[in-house]
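A.B. asks: here are the coordinates; sequence isn't available:
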C-alpha cells in the first residue's frame, strides 16, 4: 500500500520533467552551452574557421587598454542609456497619470498612445529617417513653425544619439500601460482622505501616487536598462551600416557585431560580450541593493 | 463662506480637468503625426516631397505609388517568406510554452522551484552574449542560409512566455486538476482538454507577441540569411532602402506595407496586447 503511493508520486515527478523537457533542452543547447563556450572562447583567438589557441587575458587587456573604439562604443551606449531610460520612464509615468483622471475618451487616447509602441523594425526606422530629414522631414518643419532652426539630426554627430532617443520616446506607450495598470490599484479612498486634508494635486502625486507605483518603476528601470545596453538594430539601419558620422552611432553591440561577423575576430567579440554582461550584472545588482531605500511595497494588501 | 470655498475647489478641479484633456489631445496629435506623415509622404510625387517648405497634405493622392513600390522589389516573395517563418514561430511558441508552463504550474516535481528560478534568471542575460556562440552552433550544424536558426529555437520554449503562461495557469484552481486526476485522466490529457481551453486569452497574447516578434525580426535574418530568395520583409525593406536612397515616397509606401499587418492586428486584438502588459506587471 505504502509502496504503491510512493510509486505514484515518483511517476508524477517524471511526468513533470517530461513537460518541461523542451525548455531543458533549449536551455542547455541555446543558453547554457553557448554561455560556457563563449566564456572559454573569450580567452582564445577563435575565428570560427581555422584557429582556437589559448591566449590568456590578451583579448581583455587589448579591449581595456589598447582599443579606442571599444571606449567610444561604451561611451555612446552609456550616453544613450543615461538619457533614454529616465526620459522614457518619466514620459510613461506622465502619460499614465494624465490618463488616470477619468477623462472622456480614455480608450481612444490609450489606443493612440500605445499604437507606436507595438510598431518596430525597419519600417519604423525608415519612417524616422524621413521625419528627421533636415530639409524634407516633419520634425524640422514643425520646429520651423516655432521659429526654431532644427539641427541636422542623423547627419550631425552631436545629434545622432538624441535622434534615436526621440524615436524611442515615441514608443513610450508600452511603459505607460504598465503604469496605468498599477495606478488602477491605488485605492481611491487615499486620495479622498488627502483632499479632505487639503493636499494639492502635486502633493497627492508626490506622496500617494509615486510611492504606490515605485515597484513598477523599479521593474521598468531594471528591464529598460538591460534593453538599453543592447541597442543595435536602429543604429545599424539608420546609419546605413556605417556606424554614423564620426562613429557617433557605433554602440557597444554594434562594435561587437563588426568584430564578430565582419572581421570574424570572434574570441575578441566574445570577450567584449562578457564585459557587457558584467557591466549589466553590476548595474542590476546596484539597483536591487538600492531598491529597499525607495521601493515601497504595500504591507500585505497585494501580492 | 464654506460654500464658496467648496465652489472654488470645484472650479479648480474643472480647470485642471480641462487642461488635462487639452494636453492629452495635443499629445495624441503629436503621437499620430508620424503615422500621418508616413501616409502623406507615400502618396506624394517626388517633386512634392522635395519642395520647400514640405507640405502637410499631398496635393494629389498618387495611390499608384504603392503599385510601383510593390513592383520595384520582390515584395510578394518577401511576404511569403515572412509569413512562413511567422506561422512556424507562432505555432512553436504557443504549443511548447503552454506545455512547459503547465508543467511548472500544475505538476509537483523535485527541483521545480530551482528550475523555475533559472527560467526567470535567463531573462536577465543580454542576448548578445549568446548570439555569437549560437551562430557558431548553427554554422556547425550547416544551418547558415536556412530558416532553421530562426524557427527551431521557437520550439524549445522562451523564458518570458513560459513565465507569462505560468502566471495564468496559477489562477486555475488545483482542485480542478486534481478532480480530473482522480477520474484517471493523464496530465497530457488535462493539458489538452482543460489547460488549453482555460488559458486561451493568455495563449492569444503569446501568439500576438510572437507574431510581432517574428514579423519584425531583423537581426536574425540579417545574420543567418544571405540568399536573396530567402529574404524576409525586414531584410528586403532594408535592401530597398539602399536602392531607393532618398525616394521617400516609395520608401514610405514600402514601410507602410510592412507595418500594416501589425497595425491591423493591433486594432483587432488590442485587448490581448494590453493583457500581455498587465500580466507582465503582475509578476514583478
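C.D. replies: On my side now, so go ahead. Only a predicted model underlies this, so the values are computations on that prediction, with no experimental measurement involved.

A.B. asks: which residues are contacting stretch B:177-192?
C.D. replies: Contacts of stretch B:177-192 with the rest of the structure, by C-beta atoms under 8 Å, 6 or more residues apart in numbering or on different chains, involve A:15, A:19, B:98, B:99, B:102, B:106, B:107, B:193, B:194. (Each C-beta comes from the backbone N, C-alpha and C, glycine too.)

A.B. asks: and the fifth one, which of the three is it?
C.D. replies: Secondary structure assignment for residue B:102 (DSSP: H, G, I helix; E, B strand; the rest coil): helix.

A.B. asks: Spit out the contact partners of it.
C.D. replies: Residues counted as contacts of residue B:102 (C-beta under 8 Å, 6+ apart) are A:19, B:165, B:169, B:187, B:191, B:195.

A.B. asks: Does the first one touch residue B:107 like I think?
C.D. replies: Yes - using C-beta atoms under 8 Å, residue A:19 is in contact with residue B:107, at 6.0 Å.

A.B. asks: Flag the shaky bits of the chain, pLDDT-wise.
C.D. replies: I'll assume chain A. Along chain A, segments meeting pLDDT under 70 span A:1-11, A:298-303.

A.B. asks: Please refer instead to chain B.
C.D. replies: B:1-6, B:279-284.

A.B. asks: Just want the most central residue of it.
C.D. replies: Nearest to the centroid of the C-alpha atoms of chain B, with distances taken as C-alpha atoms, centre = their mean, sits residue B:212, at 2.7 Å.

A.B. asks: To which secondary structure element is that residue assigned?
C.D. replies: With elements taken from DSSP states H and E, the one containing residue B:212 is helix B:200-216.

A.B. asks: Residues contacting that helix, please?
C.D. replies: Where contact means C-beta under 8 Å, 6+ apart, the residues beyond helix B:200-216 that reach it are A:118, A:120-121, B:82, B:85-86, B:89-90, B:93-94, B:97-98, B:150, B:154, B:161, B:164-165, B:167-168, B:196, B:233-234, B:261-262, B:265, B:269, B:272-273, B:275-276, B:279.

A.B. asks: Sort out which residues of it are buried, please.
C.D. replies: Burial within helix B:200-216, assessed by neighbour count using 16 or more other C-beta atoms under 10 Å in any protein chain shown, is assigned to B:202-216.

A.B. asks: So residue B:33 versus residue A:275, what's the distance?
C.D. replies: The span separating residue B:33 from residue A:275 equals 40 Å under the rule C-beta to C-beta, to the nearest Å.

A.B. asks: Residue A:122 touches residue B:218, doesn't it?
C.D. replies: Yes - with contact taken as C-beta under 8 Å, residue A:122 and residue B:218 are classed as touching, separated by 5.7 Å.

A.B. asks: Need the overlap of contacts for these two.
C.D. replies: Residues touching both residue A:122 and residue B:218 by C-beta under 8 Å, 6+ apart: A:237, B:234, B:238.

A.B. asks: Surely the second one and residue B:221 touch.
C.D. replies: Okay, so that is residue B:234. Yes - under the criterion of C-beta under 8 Å, residue B:234 lies in contact with residue B:221, with a separation of 6.2 Å.

A.B. asks: what sits against the residue nearest to residue A:56 when sequence neighbours are not counted?
C.D. replies: Closest residue to residue A:56 apart from its sequence neighbours, by C-beta to C-beta, 6 or more residues apart in numbering or on different chains: residue A:43 at 6.3 Å. For residue A:43, the contact set (C-beta under 8 Å, 6+ apart) comprises A:54, A:55, A:56, A:57, A:59, A:267, A:271.

A.B. asks: just the residues you listed now: which is nearest residue A:228?
C.D. replies: Sorting those by distance to residue A:228 puts residue A:271 at the head of the list, at 21.6 Å, by C-beta to C-beta.

A.B. asks: And the residue of the stretch 151-284 of chain B closest to chain A?
C.D. replies: Using C-beta to the nearest C-beta, the closest approach of the stretch 151-284 of chain B to chain A is made by residue B:156 at 2.6 Å.

A.B. asks: Apologies, that question was intended for the stretch 1-150 of chain B.
C.D. replies: With distances taken as C-beta to the nearest C-beta, the stretch 1-150 of chain B approaches chain A most closely at residue B:103, which sits 2.7 Å away.

A.B. asks: Tell me, how many residues neighbour the residue nearest to that residue when sequence neighbours are not counted?
C.D. replies: Closest residue to residue B:103 in three dimensions, ignoring its sequence neighbours and counting by C-beta to C-beta, 6+ apart: residue A:19, at 2.7 Å. As a burial measure, the neighbour count of residue A:19 was computed by other C-beta atoms under 10 Å in any protein chain shown and equals 22.

A.B. asks: and the residue nearest to residue A:56, how far is that from residue A:147?
C.D. replies: As judged by C-beta to C-beta, residue A:43 and residue A:147 stand 58 Å apart.

A.B. asks: Same check on residue A:170?
C.D. replies: Applying C-beta to C-beta, one obtains 24 Å for the distance of residue A:170 from residue A:147.

A.B. asks: So these two - more neighbours on which side?
C.D. replies: For residue A:170 against residue A:147, the residue with the higher neighbour count under other C-beta under 10 Å is residue A:170, and the figures read 21 against 6.

A.B. asks: do you know how far the more buried one is from chain B?
C.D. replies: Using C-beta to the nearest C-beta, to the nearest Å, residue A:170 is found at 7 Å from chain B.

A.B. asks: burial count for the closest residue in space to that residue that isn't next to it in sequence?
C.D. replies: When the adjacent residues along the chain are set aside, residue A:170 lies closest to residue A:116, with 4.7 Å between them (C-beta to C-beta, 6+ apart). Using other C-beta under 10 Å, residue A:116 has 21 other residues around it.

A.B. asks: what residues are up against residue A:116?
C.D. replies: Counting by C-beta under 8 Å, 6+ apart, residue A:116 touches A:170, A:171, A:173, B:31, B:34, B:35.

A.B. asks: Kindly report the same for residue A:60.
C.D. replies: In this structure, residue A:60 makes contact with A:42, A:271, A:275, judged by C-beta under 8 Å, 6+ apart.

A.B. asks: quick one: the second one and residue A:59 touch, right?
C.D. replies: Think residue A:271. Yes - with the criterion set as C-beta under 8 Å, residue A:271 and residue A:59 qualify as a contacting pair; they are 3.7 Å apart.
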